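S.K.: coords please:
(chains A and B)
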Amino acid sequence: MLFLGRPLVAEPGLPAGLRAEMEGSLGPVRPLASPWRRVLLPGIAGLLLLAAVPVVYGVRFDASEVGPLRLWGGSLVQIAVGLVLVARALAESIPGRLVGARRLVGTGGLGLAVMVALTGLTFLASPTHVPPPPYGARYFQVCATRSLLLGLVPLLLGLLLLARGLLLRPVAVGALLGLGAGLLADASWRLYCEVSDPAHVLTAHLLAVAGNAAAGALAAWLVSRWAH
Amino acid sequence: MEGRPTPEDGDAALRDLMRRYQEGRMEAFEELYRRTVPLVRGYLVALTRDRTLGEDLAQETYLQAHRSRQTYNPEFPVRPWLLGIARYVRLQRERSLRRRRAHEVQPSDALPDVPVPAEMDGLADREALHGALGTLPADRREAVVLHHLYGLSFREIAAVAGASEGAVRVRASRGMSELRALLGASARG
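M.R.: Numbering: from 1, shown residues only, chains lettered A, B, ... in the order given. As a prediction, the model looks like this:
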């Protein structure tokens, strides 16, 4: 086979410059574990949050109306889906393992769909609303900020893992990671927040998840610039 | 197509070389470089349309591959991993050039040393093939070069380019149609 006049065959010799650069740093390395194994770290953080929020803040007063399956089972499902998003983001940091943009968006959409579905199921079981003014703004503020802050824990762990790879689409990958981290945090926060009204959950809680996604996108972009 | 590498061609040997390279053996890297540099360089020259830049980026690709060698998983093929790094290096360079406003220096439309799909061989002279391949949009050129010259599967190209397998298939098909149309037009002219 020809290469416009050049035979497409193996070439002899490593360029001297490349050899010199490599010789000082050639040591054994351990290949990264698969994204599904690496996701254990943020996964453990998500489970710790799930255990810590009820201990620190308490469990919502309508837990019996919501039922253990919707409450705890729902949160575990949301954690599992959040970890799928984190794993996809980690896989995206490995060269030659990218997926199409539609699949990336679809994965993020799956996470949001699960959150919306759980909100609906919880509201059907126990329709609770935000108390009348002036408490509404306070509820919004507490849920949005606390859930956002909780999400920073798995997000930071995920970013540490992400930084070991190469980010070809840092903003998209960081947003996906942040979305996953936000879902992990919201899975624990919904155990405490007794308001199931979608008008509250899909604004205050969703804002926190979106904030984590934005923070992830920004952080991953900075990581990629720093790595370059 | 005679002599055309298949996706699996030599992959077991490349994986073994990568495994030994990850263990810290220089001779394994040298052999890996020797076997893969035509692919990496050809890909980069085709995408940058600049032979000197393509060769520079090929060296940068191997340096980056060295720094990122822990990201290679021996369960996966080597060529998409290496081409993924080449793509990363190219995009980083493009971003740097944009930041430095170096975009004022446009690469020539002529396409030096660009691989020509074997299907096109014989349809036109080398110069015409050259020019036609150079006019394809970058994503189509990438799909045509990687699939029709280097024999990567559509799945492998999709994993390199961050696109769906179907999208890559369409890019390659449209790229080939455009090449045929261009070459047909030039032959009639």
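S.K.: what about residue A:198, neighbour count?
M.R.: A count of nearby residues for residue A:198, using other Cβ atoms under 10 Å in any protein chain shown, gives 16. For every residue, glycine as well, the C-beta is placed using N, CA and C.
S.K.: who are the neighbours in contact with it?
M.R.: Applying Cβ atoms under 8 Å, 6 or more residues apart in numbering or on different chains, we find residue A:198 in contact with A:116, A:119-120, A:123.
S.K.: Also residue B:78?
M.R.: By Cβ under 8 Å, 6+ apart, the residues touching residue B:78 are B:11, B:14-15, B:17-18, B:32, B:36, B:72.
S.K.: Those residues: which ones sit near chain A?
M.R.: Among the contacts of residue B:78, the ones lying near chain A by Cβ under 8 Å from any Cβ of the partner chain are residue B:72.
S.K.: which helix is the longest one in chain A?
M.R.: Secondary structure assigned by DSSP state H gives helix A:135-162 as the longest helix of chain A.
S.K.: Can you check the pLDDT for residue A:6?
M.R.: We have a pLDDT of 46 for residue A:6.
S.K.: next one: the one 5 residues further on
M.R.: Listed pLDDT for residue A:11 reads 56.
S.K.: and what of residue B:93?
M.R.: 88.
S.K.: from the contacts of residue A:198, which ones fall inside helices?
M.R.: Here DSSP H is the test, and those give A:116, A:119-120, A:123 as lying in helices.
S.K.: Just the buried subset of those residues, please.
M.R.: A:119, A:123 (16 or more other Cβ atoms under 10 Å in any protein chain shown).
S.K.: Give the helix, strand or coil label for residue A:132.
M.R.: Secondary structure, DSSP: H, G, I helix; E, B strand; the rest coil: residue A:132 is coil.
S.K.: quick revisit: can you turn the buried part of the contacts of residue B:78 into a ChimeraX selection?
M.R.: Listed next is the ChimeraX selection for buried residues among these, using 16+ other Cβ under 10 Å:
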select /B:14,15,17,18,32,36,72
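S.K.: Relative to chain B, which of the contacts of residue A:198 is nearest.
M.R.: Nearest to chain B out of those is residue A:116 (Cβ to the nearest Cβ; 25.7 Å).
S.K.: Residue B:19 versus the closest residue to the closest one other than its chain neighbours, what's the distance?
M.R.: If the residues on either side of it in the chain are set aside, residue A:116 comes closest to residue A:202, at 6.8 Å by Cβ to Cβ, 6 or more residues apart in numbering or on different chains. Residue A:202 sits at a distance of 49 Å from residue B:19 (criterion: Cβ to Cβ, to the nearest Å).
S.K.: for residue B:83, same thing?
M.R.: To residue B:19, residue B:83 is 19 Å away according to Cβ to Cβ.
S.K.: Among these two, which residue is more densely surrounded?
M.R.: residue B:83 (27 against 15).
S.K.: How about the contacts made by the residue nearest to residue A:30 when sequence neighbours are not counted?
M.R.: Closest residue in space to residue A:30, ignoring its immediate chain neighbours: residue B:70 at 6.6 Å, by Cβ to Cβ, 6+ apart. For residue B:70, the contact set (Cβ under 8 Å, 6+ apart) comprises A:29-32, A:164, B:22.
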